[in-house]
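Novice: sequence plus predicted model, see below.
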Number of protein chains: 2
Amino acid sequence: MKITMNRLMLKHGRTSKKSKDKTIDLLPLKNHTAYLLRLTQMALSDQLSLVLRKLDIKPMQYMVLALIEANPKIQQGSAAEILGIQKTNFVAMVTTLSDLGLVERKAVMNDRRSFGLVLTSDGHKLYKQAHAIVQAHEQRLKDRLGAEIYNSFAQPLIRLAFDDPKPN
Amino acid sequence: MKITMNRLMLKHGRTSKKSKDKTIDLLPLKNHTAYLLRLTQMALSDQLSLVLRKLDIKPMQYMVLALIEANPKIQQGSAAEILGIQKTNFVAMVTTLSDLGLVERKAVMNDRRSFGLVLTSDGHKLYKQAHAIVQAHEQRLKDRLGAEIYNSFAQPLIRLAFDDPKPN
DNA sequence: TATTGTTATACTCTATAACTATA
DNA sequence: TATAGTTATAGAGTATAACAATA
């Protein structure tokens, strides 16, 4: 996104009885996790795009490299699933990374339909550089929030992302 | 998204020395806030879409209604900015809601370029219904996470969404 | 000159159906 | 029959430039 939230007067708390300013009441939105997640995700992904642009890769491409690095020969479909991309849309992504010489589709034993994804040596090199950048970015987040809050922050995200919700 | 994370064997912790299972190591991704935010946002927005489908509105449309409800006569551009949508893409959105008879563009004093957005009576009615649904959904999140975690969860999101990051 | 809303347009991301080759 | 990967395609969502009306 390319939106600057700077010039707006935002009212982050309850309306004070006396205030007659023309600030904007965000409370009804801030009570909605979906809204907060949206804005936060947009902000962080923009920041990541920015720092990764030095290496000419996008945040999502970095995620692919990171996943393959930790799981050599991972199946393409599994990788897509974990990254929250449909396998059908993941094909082009892998092909691009393959064309860039970063990822390789390796044949695998006992199943000639599928293959395992691995990093090339260039892929490893680029991943290391990218990882350093992303880690530094992550550290800045930690500094902004404070270690304690930062640490307690990941837990609910993981729960919400991976645990199935109870049906209504 | 339409991705089921069910059949995958995911390894959420550190690799145990002995384990030779074929589960997938998520650690490198789970250490990245951007990845967690992505998956969480996708999951919650899917759930919201589902419950709001009864009323034939999308999560983003609900957000628009909620913002206008709390800020009658809000400027179109400000609303777009707060919602994380560019003003140019917000035009069609407001027009749709206007065509549905939920939102109205009201002329405003002293500036004939802009106008204020308000809810129609139908808009108010629909908002109330939607709000009840969304609140119930929010309550389910709270139940899943526990009140304490839920409450401490919003704070860092707000910081990350609204505070400007320090430049690198 | 700057700002508000707008149009047109291109680009990226995501969703759906149908195919192939293997199992 | 079912699964892994693929293709083609349509539909959202997002980004950029340029414009008219007004400040």
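Specialist: That came in fine, so what should we check first?

Novice: need the residues that contact the lowest-mean-pLDDT helix or strand in chain A.
Specialist: Scoring the helices and strands of chain A by mean pLDDT, DSSP states H and E places strand A:10-11 at the bottom, with a mean of 78. With contacts defined as CB atoms under 8 Å, 6 or more residues apart in numbering or on different chains, strand A:10-11 is touched by A:21, A:23, A:24, A:25, A:26, A:27, B:82, B:162. Glycine gets a C-beta too; all of them are placed from N, C-alpha and C.

Novice: for the record, mean pLDDT for the longest helix along chain A?
Specialist: As assigned by DSSP state H, the longest helix anywhere in chain A is helix A:121-145. Taken as a whole, helix A:121-145 has a mean pLDDT of 97.

Novice: can you list the strands that the least confident helix or strand of chain A pairs with?
Specialist: Applying DSSP bridges, strand A:10-11 is found paired with strand A:24-25 (parallel).

Novice: any part of the partner strand near DNA strand C?
Specialist: No. Judged by CB under 7 Å from any atom of the strand, strand A:24-25 stays clear of DNA strand C, getting no closer than 12.9 Å.

Novice: is the next helix-or-strand element following that strand positioned near chain B?
Specialist: Using DSSP states H and E, the next helix or strand after strand A:24-25 towards the C-terminus is helix A:27-30. Yes. Contact between helix A:27-30 and chain B, assessed by CB under 8 Å from any CB of the partner chain, occurs at A:27, A:28, A:29, A:30.

Novice: as JSON lines, the contacts of strand A:10-11 with neighbour count and pLDDT would be great.
Specialist: JSON lines is the format used below for the contacts of strand A:10-11 (neighbours: other CB atoms under 10 Å in any protein chain shown; pLDDT from 0 to 100):
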{"residue": "A:21", "neighbour count": "10", "pLDDT": "44"}
{"residue": "A:23", "neighbour count": "13", "pLDDT": "89"}
{"residue": "A:24", "neighbour count": "20", "pLDDT": "91"}
{"residue": "A:25", "neighbour count": "18", "pLDDT": "91"}
{"residue": "A:26", "neighbour count": "20", "pLDDT": "91"}
{"residue": "A:27", "neighbour count": "13", "pLDDT": "84"}
{"residue": "B:82", "neighbour count": "22", "pLDDT": "96"}
{"residue": "B:162", "neighbour count": "17", "pLDDT": "89"}
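
Novice: those helices in chain A, which residues are they?
Specialist: Secondary structure of chain A, counting by DSSP H: helices at A:27-30, A:33-52, A:59-70, A:76-83, A:87-99, A:121-145, A:147-162.

Novice: for chain A, give me the ranges with low pLDDT.
Specialist: By pLDDT under 70, the weakly predicted segments of chain A are A:1-8, A:13-22, A:166-168.

Novice: just list whatever residues bridge to the closest residue to residue A:68 other than its chain neighbours.
Specialist: In space, and not counting its chain neighbours, residue A:68 is closest to residue A:117: 4.9 Å by CB to CB, 6 or more residues apart in numbering or on different chains. Applying DSSP bridges to residue A:117 gives these bridge partners: residue A:74, residue A:105.

Novice: coming back round to it: tell me which of the helices of chain A lies nearest to residue A:113.
Specialist: Smallest distance to residue A:113 across those (CB to CB): 10.2 Å, for helix A:76-83.

Novice: what does the closest one rub up against?
Specialist: A:60, A:63-64, A:67-68, A:71, A:86-87, A:89-91, A:94, A:105, A:114-115, A:117, B:3-5, B:8, B:10, B:24, B:26, B:29, B:35.

Novice: how far off helix A:87-99 does it point, in degrees?
Specialist: Here the directions of helix A:76-83 and helix A:87-99 differ by 110 degrees (axes from the mean of the first three to the mean of the last three CA atoms, to 10 degrees).

Novice: if we can go back for a sec, need the helices of chain A in TSV (columns: distance to DNA strand C).
Specialist: Formatted as TSV, those follow (distance: least, CB to the nearest atom of the strand, whole Å):
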stretch	distance to DNA strand C
helix A:27-30	18
helix A:33-52	9
helix A:59-70	6
helix A:76-83	9
helix A:87-99	4
helix A:121-145	16
helix A:147-162	14
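
Novice: export those to TSV and tack on distance to residue B:132?
Specialist: Below are the helices of chain A laid out as TSV (distance: least, CB to CB, whole Å):
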stretch	distance to residue B:132
helix A:27-30	13
helix A:33-52	16
helix A:59-70	36
helix A:76-83	34
helix A:87-99	35
helix A:121-145	33
helix A:147-162	22
